[in-house]
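> no FASTA, just this:
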């Protein structure tokens with residue numbers, strides 16, 4: 001057989017293989033963004049209430065949320081960026097990097113309780129919550145604020161101002177609000193049964209209730 005004809009025959013399978021590989025790569029390139037587009041990322045920026053402080057891993061409300069999404073067949077993943085002891089100042093300093101890294105479609109902000117425990121100025125707390133909310137919105141994410149309340153010994157005026165702060169930020173920024181994250185946990189007659197020995201952190205029994213408080217508002221923000 002003439003050398004040039006033999007060369008062409010040998011090159012044909014290789015050429016077909018290259019074409020087939022190109023088609024497969026094109027299909028993958030087309031389908032990957034489509035899959036990613038249908039998946040929400042829910043970023044939780046919180047403190048010990050969301051970081052499973054004192055709990056067995058996997059029993060906190062955030063891991064329970066992960067399971068809830070799977071059971072509801074909602075295509076979303078949860079990124080828990082909560083740190084025990086964190087304040088709104090800490091959250092504000094971290095939010096930019098978190099948004100850039102995870103590109104969330106929904107941001108849940110669960111911060112403020114430690115600000116009150118440390119006696120930090122409420123106007124500073126409100127400014128931090130506002131800044132975090134605005135940063136998340138600018139990044140294209142929807143926001144859910146989880147409101148908190150303080151014990152009665154803080155005084156009625158302070159308590160009303162503190163709890164109202166979350167509502168004011170949510171209203172000003174036009175974002176979703178769960179008024180009291182620990183409703184049904186910290187405001188019930190058998191409150192001791194819902195908390196760990198430190199009387200500050202909810203126990204494992206309280207976690208499903210905490211998720212139940214968050215879920216109705218969060219579900220509205222998911223695709």
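Arrived safely. All figures in this text were calculated on a predicted structure; none of them were measured in a lab.

> Please make it C-alpha for all contacts and neighbour counts, starting now.
Fine.

> Residue 71: how many residues sit nearby?
Residue 71 sits with 9 neighbouring residues when counted by other CA atoms under 10 Å.

> Please disregard the earlier target; I meant residue 68.
15.

> Assign it to helix, strand or coil.
helix (DSSP: H, G, I helix; E, B strand; the rest coil).

> Which residue ranges make up the domains of the chain?
1-37, 40-221 (automatic domain parsing).

> which one of those is the most hemmed in?
Highest mean neighbour count among the domains of the chain (mean count of other CA atoms under 10 Å): domain 40-221, with a mean of 18.

> Compute the first-to-last residue distance for it.
From its first residue to its last, domain 40-221 covers 10 Å (CA to CA, to the nearest Å).

> Could I get the average pLDDT for that domain?
What domain 40-221 shows for mean pLDDT is 97.

> roughly how far is that domain from the heart of the chain?
Using CA atoms, centre = their mean, to the nearest Å, the distance from the centre of domain 40-221 to the centre of the chain it belongs to is 9 Å.

> which residues touch the nearest residue to residue 205 once chain neighbours are set aside?
Once flanking residues are discounted, residue 205 sits nearest to residue 194: 6.4 Å by CA to CA, 6 or more residues apart in numbering. By CA atoms under 8 Å, 6 or more residues apart in numbering, residue 194 lies in contact with 185-186, 202-203, 205-206.

> Also residue 64?
Counted by CA under 8 Å, 6+ apart, residue 64 has contacts 58, 208, 211.

> what do you get for residue 51?
60, 80, 82-84.

> Now name the helix or strand holding residue 42.
The secondary structure element spanning residue 42 is strand 40-46 (assigned by DSSP states H and E).

> contacting residues around that strand?
So strand 40-46 is contacted by 50, 75-84, 86, 91, 95, 102-111, 222-223 (CA under 8 Å, 6+ apart).

> Tell me which strands it pairs with, and in which orientation.
strand 76-80 (parallel), strand 106-110 (parallel) (DSSP bridges).

> Just the closest of the contacts of residue 51 to residue 159, please.
Among the contacts of residue 51, residue 84 lies closest to residue 159 (CA to CA), at 22.6 Å.

> Confirm for me that that closest one is in contact with residue 48.
Yes. Using CA atoms under 8 Å, residue 84 is in contact with residue 48, at 3.8 Å.

> you'd agree residue 88 is up against residue 129?
Yes. Applying CA under 8 Å, one finds residue 88 in contact with residue 129, separated by 6.5 Å.
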